[in-house]
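> whatever this is, show me its structure:
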Amino acid sequence: MEQARFNMVEQQIRPWDVLDADVLDLLKKIKREQFVPAEQRSLTFMDLDVPLGHGAKMWQPKLEARALQALDLQHGDRVLEVGSGSGYLTALLSHFAAHVTSVEIVAELHAMAKRNLAAQHIDNVTLEIGDAATTWGDAQYNAIVLTGSVPLQPTALMNSLKVGGRLFAVIGDAPAMHACLITRTGPDAFTSKTLFETNVEALRNAPQPQRFVF
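A predicted model of the protein is given here:
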């Protein structure tokens, strides 16, 4: 198991430009296999998405690592995660942040994440059931991460960032999706940086562009 974890970090994640030593150390510390459904345990360290049921998938390890590195979380940060999944990315986020609010639309996945996080004694996370595809409450966050892709920049969620806050999202339609880091630089100003190409499951109920019908 530990050799497989080492290989995941050294052969998949580090070559994908994840060089932050704190991120790499955390990937060795948080036991990914504890967040993978028992029937999928053999896929834990493979370079692919892991099915969680209900149409959801756990991101491939290198995508989780790149997102974590890009967000550059600080210990005082408050984070919003849209889509809890199995709770693994939630656990990673919680290690660097002061608090993570994670919202999951599927009750069964919410229950899975709750069990997994409790088993790891992670207590700076609030898990909610609901639809955060556009917004979640009135709070503002230092960082937001969307675990499902969206076809457009998530404007409403961008407005939930504090100035200086960062949002990680995979934007576009399959197969041409791009992982982006959006930073709020002022009350009405944002910058967006394209990080890499990828392809992930769509976020439920994400706002859709007006599409032409012929």
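> so what's Phe196 bridging to?
For Phe196, the beta-bridge partners are Ala179 (DSSP bridges).
> pretty sure it is touching Arg66, no?
Yes: at 6.9 Å, Phe196 counts as touching Arg66 under the criterion of CB atoms under 8 Å. The way it works is simple: take the backbone N, C-alpha and C, and place the C-beta from them, glycine included.
> more neighbours: which of the two?
Taking other CB atoms under 10 Å, Phe196 and Arg66 do not tie; Arg66 has more neighbours (23 against 15).
> quick one, phi psi at that one?
Note on Arg66: its backbone torsions stand at phi -70, psi -40 [degrees, to the nearest 10].
> and if you look at Val106?
Note on Val106: backbone dihedrals following degrees, to the nearest 10 are phi -100, psi 120.
> that one against Ala56, yeah?
Yes: Val106 lies in contact with Ala56 (CB under 8 Å); the separation is 6.7 Å.
> thinking again about what came up before, overlap in contacts of Phe196 and Arg66?
Common neighbours of Phe196 and Arg66, counting by CB atoms under 8 Å, 6 or more residues apart in numbering, are Ala179.
> so which residues of this protein form helices?
Assignment of helices within the chain using DSSP state H yields the ranges 2-7, 21-29, 61-71, 88-96, 107-119, 155-158.
> higher neighbour count, Val106 and Ala56?
More crowded of Val106 and Ala56, by other CB under 10 Å: Ala56, with 23 against 18.
> give the contact list for that one.
Each residue near Ala56 by CB under 8 Å, 6+ apart is listed here: 83, 85, 106, 109, 201.
> of all these, which comes closest to Phe35?
Gly85 (8.3 Å; CB to CB).
> geometric centre of this structure: which residue is closest?
Computing the C-alpha centroid of the chain and ranking residues by CA atoms, centre = their mean puts Thr147 first, at 4.3 Å.
> that one contacts Gly87, correct?
No: at 11.0 Å, Thr147 does not count as touching Gly87 under the criterion of CB under 8 Å.
> quick check: which ranges of the protein have low pLDDT?
The chain contains residues with pLDDT under 70 at 212-214.
> count the residues that sit near Pro187.
Around Pro187 there are 7 residues (other CB under 10 Å).
> check Leu48 too.
11.
> next one: Thr194
10.
> distance of the closest residue to it other than its chain neighbours from Ser192?
Using CB to CB, 6 or more residues apart in numbering and skipping residues adjacent in sequence, the residue nearest Thr194 is His178, 4.9 Å away. Distance from His178 to Ser192, counting by CB to CB, to the nearest Å: 10 Å.
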